[in-house]
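Asks: How does the following fold in three dimensions:
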Amino acid sequence: MASELVREASRDGQRLVWLRCYDGPDGVTVVEAQVTPPGAAEAVLRGPYRFASAAEGFRFVQEAVLALQYLGCAVT
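Replies: Take a look at the predicted model:
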């Protein structure tokens, strides 16, 4: 059974970061990110970042979300 975690960070009504963490087909956990710099029209794809376990990938997403919150972003 595959699972997926998605988080979106925005500030002043603009989506800045979209994170997706999911189980990869080869048993690893994958995190993808789309980053839109403030004022930019297009998002830039970052990753995919591969982790040996779901716990490692989830921790990466948690730390990224915490940093974005410190920077004043709303995260959903």
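
Asks: So the spatially most central residue of the chain, which state does it fall into?
Replies: In the chain, the C-alpha nearest the mean C-alpha coordinate belongs to residue 19, at 2.0 Å (C-alpha atoms, centre = their mean). At residue 19 the chain is in strand, as set by DSSP: H, G, I helix; E, B strand; the rest coil.

Asks: quick one, what contacts the closest residue to residue 73 other than its chain neighbours?
Replies: Nearest residue to residue 73, sequence neighbours excluded (C-beta to C-beta, 6 or more residues apart in numbering): residue 9, at 4.1 Å. All C-beta atoms are positioned from the backbone trio N, CA, C, and that covers glycine. Neighbour list for residue 9: 15-19, 65, 68-69, 73-75 [criterion: C-beta atoms under 8 Å, 6 or more residues apart in numbering].

Asks: what about the residue nearest to the centre of the chain, distance to residue 56?
Replies: When C-beta to C-beta, to the nearest Å is applied, the distance between residue 19 and residue 56 equals 14 Å.

Asks: cool, residue 33 as well?
Replies: Relative to residue 56, residue 33 is positioned 15 Å away (C-beta to C-beta).

Asks: Could you do residue 17 as well?
Replies: According to C-beta to C-beta, residue 17 stands 19 Å off from residue 56.

Asks: Show me which of these two is the more surrounded one.
Replies: A count of neighbours by other C-beta atoms under 10 Å puts residue 17 above the other of residue 17 and residue 56, at 22 against 14.

Asks: my read: that one touches residue 31, true?
Replies: No: taking contacts as C-beta atoms under 8 Å, residue 17 lies outside contact range of residue 31: 11.7 Å.
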